[in-house]
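Novice: turn this into a model:
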Amino acid sequence: MGKVRKKRKNTYNYNINRKKLKIRARKKMAPRIACTEPKYVRKPYVLKELKAAASLPSKHTMGISSDMVFYVRHMVENHGEDYKAMARDDQNYYQDTPKQIQRKVDLYRRHHPDEYKALITSRTKQ
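Specialist: Have a look, this model is predicted:
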């Protein structure tokens, strides 16, 4: 026959934060879902809305700040396409290199092609 195991006397542990234990237990039992959408997918109308939203093409709304537009206009009006002269200009506060200025002008050209053409034509007329 085996030995009878002694049972330890249950005493109240005063050093444990019961509220924290309860919260931890609740968190462990709950399913871990990172995004909020799958929680509501059980409803068919929500699933249709999600599929419709996912099928739409994404819209890129990246623009250029007004300061950047002013900077590029000033540089193109005064120097045309001479990026080395733009780098030496007094308005070049951030001390951009010719290559950095060229990238900014290209960015402006992509976002505002009509305005850029007007700038170049007004520069050639002078």
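Novice: now stretch 46-63, how far from the centre of its chain.
Specialist: The chain centre lies 17 Å from the centre of stretch 46-63; the measure is C-alpha atoms, centre = their mean, to the nearest Å.
Novice: cool, stretch 6-18 as well?
Specialist: Stretch 6-18 sits 50 Å away from the centroid of its parent chain (C-alpha atoms, centre = their mean).
Novice: now do the same end-to-end measure for that stretch.
Specialist: In stretch 6-18, first residue to last residue: 27 Å (C-alpha to C-alpha, to the nearest Å).
Novice: so where's this structure uncertain?
Specialist: 1-2, 33, 36-42 (pLDDT under 70).
Novice: show me the domain layout of this protein.
Specialist: Here the domain parsing of the chain from automatic domain parsing is 19-55, 66-125.
Novice: what about residue 46, distance to residue 34?
Specialist: Relative to residue 34, residue 46 is positioned 18 Å away (C-beta to C-beta, to the nearest Å). C-beta: built from backbone N, CA, C; applies to glycine.
Novice: with neighbour numbers in mind, choose between these two.
Specialist: Neighbours per residue (other C-beta atoms under 10 Å) separate residue 46 from residue 34, with residue 46 holding more: 13 against 6.
Novice: my guess is residue 89 meets residue 82, correct?
Specialist: No: counting by C-beta atoms under 8 Å, residue 89 stays clear of residue 82, with 10.0 Å between them.
Novice: touching stretch 81-97 from outside, list them.
Specialist: With contacts defined as C-beta atoms under 8 Å, 6 or more residues apart in numbering, stretch 81-97 is touched by 71, 74-75, 78-79, 98-99, 101-102, 104-105.
Novice: find the residue closest to residue 73 in space, skipping its chain neighbours.
Specialist: Nearest residue to residue 73 in three dimensions, chain neighbours excluded: residue 119, at 6.5 Å (C-beta to C-beta, 6 or more residues apart in numbering).
Novice: residue 116: neighbouring residues, count only.
Specialist: Neighbours around residue 116, by other C-beta under 10 Å: 18.
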